[in-house]
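*Asks:* using only what follows, build the 3D model:
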Amino acid sequence: MPLLKARDIRKMSHEEKEETLRKLRDDLLHERGQAAMGGAPESPGRIRAIRKNIARLLTVMNEEKEEEGGN
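*Replies:* As a prediction, this is how the structure comes out:
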């Protein structure tokens, strides 16, 4: 999965964001499990990319939550 950009995340509906977050967390769990078993990763930077996507997604979601409650 390519890196998600903040502007693309902001265009998503709340349900799409939740679903994307769930998929990313599942992918991360799978990749970490594969690495823990000693398997050679297909793409060494994949875990880092997944973590960055999760962080971007959570950041945008928290910004939107603050905007709703802050006004």
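*Asks:* please name the nearest non-neighbouring residue to the residue most central in space within the chain.
*Replies:* Residue closest to the average C-alpha location in the chain (C-alpha atoms, centre = their mean): I54, at 2.4 Å. For I54, ignoring the flanking residues on the chain, the nearest one in space by C-beta to C-beta, 6 or more residues apart in numbering is L24 at 5.1 Å. Placement of C-beta: from N, CA and C, glycine included.
*Asks:* on that earlier part again, list phi and psi for the residue nearest to the centre of the chain.
*Replies:* Taking degrees, to the nearest 10, you get phi -60, psi -40 for the backbone angles of I54.
*Asks:* my guess is it contacts K23. True?
*Replies:* No: under the criterion of C-beta atoms under 8 Å, I54 makes no contact with K23, lying 10.2 Å away.
*Asks:* now do the SS call for the residue nearest to I54.
*Replies:* helix (DSSP: H, G, I helix; E, B strand; the rest coil).
*Asks:* swap in P2?
*Replies:* coil.
*Asks:* count the residues that sit near it.
*Replies:* 7 (other C-beta atoms under 10 Å).
*Asks:* show me where pLDDT drops low in this structure?
*Replies:* Per-residue confidence for the chain (pLDDT under 70) gives these ranges: 1, 71.
*Asks:* change it to 80
*Replies:* Along the chain, segments meeting pLDDT under 80 span 1-2, 39-42, 70-71.
*Asks:* where do the helices sit along it?
*Replies:* Using DSSP state H, the helices of the chain run over 6-11, 14-36, 46-70.
*Asks:* the longest one vs helix 14-36, what angle?
*Replies:* Think helix 46-70. Per axes from the mean of the first three to the mean of the last three C-alpha atoms, to 10 degrees, the angle that helix 46-70 makes with helix 14-36 is 150 degrees.
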